[in-house]
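# Need the 3D shape of this:
(one chain, ligands or ions: 1)
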Amino acid sequence: MSDTADDVVRREVSKLLRVEYRGKFMCASCLLKFAVERFGTTLYTRGQIERALDTIFRSPGALRRVHRFVCDQCGKTLPCLTATPARSGLSA
Ligand SMILES: [Zn+2]
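Residues are numbered from 1 along each chain as shown. Below you'll find the model as predicted:
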């Protein structure tokens, strides 16, 4: 068995939020758009990607889910995911 859609989507979303969108907040629909653009729908269907994101939102693991926040992509106030760690006091 190779990686499931969950594994692959989680890995890409984590990478996105740590590197390209470092410090940004992304809602589920923007993450879905990103994932569909990145993977296309040949490897996994849009529904599989959607379900994978749903799972990530329910158990974000190393990522952080915020209940309501302004999405950096679409500007709507929605539940978002971010890789920003809890305030450490290290930022200026
Ligand atoms: Zn959004």
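# can you give me the strands for the chain?
According to DSSP state E, the chain carries its strands in the segments 26-27, 64-70, 77-82.
# Next, the contact list for the residue most central in space within the chain, please.
The centroid of the chain falls nearest to Val13 when counting by CA atoms, centre = their mean (4.4 Å). By CB atoms under 8 Å, 6 or more residues apart in numbering, the contact set of Val13 is 31, 34-35, 53, 56, 63, 81. (C-beta placed from N, C-alpha, C; glycine too.)
# just Asp72 next, same as before
Counting by CB under 8 Å, 6+ apart, Asp72 makes contact with 21, 24-26.
# re the thing from before, show me which of the contacts of Val13 is closest to Tyr44.
Comparing the contacts of Val13 against Tyr44 with CB to CB places Ala35 closest, at 8.6 Å.
# which residues does the closest one contact?
Contacts of Ala35 (CB under 8 Å, 6+ apart): 9, 12-13, 49, 52-53.
# Most neighbours of all these, which one?
Val9 (26 neighbours; other CB atoms under 10 Å).
# residues in this protein within reach of the ion, list them.
By CB under 5 Å from the ion, the part of the chain that sits against the ion consists of 27, 30, 71, 73-74.
# and if we set it to 6 Å?
Contact residues, the chain versus the ion (CB under 6 Å from the ion): 27, 29-30, 71, 73-74, 76.
# Sketch out the low-pLDDT regions of this protein for me.
Residues of the chain meeting the criterion pLDDT under 70: 1, 85-92.
# Now for the closest residue to Thr4 other than its chain neighbours: which residues touch it?
Using CB to CB, 6 or more residues apart in numbering and skipping the chain neighbours, the partner closest in space to Thr4 is Ala52 (7.9 Å). With contacts defined as CB under 8 Å, 6+ apart, Ala52 is in contact with 4-6, 8-10, 35, 44.
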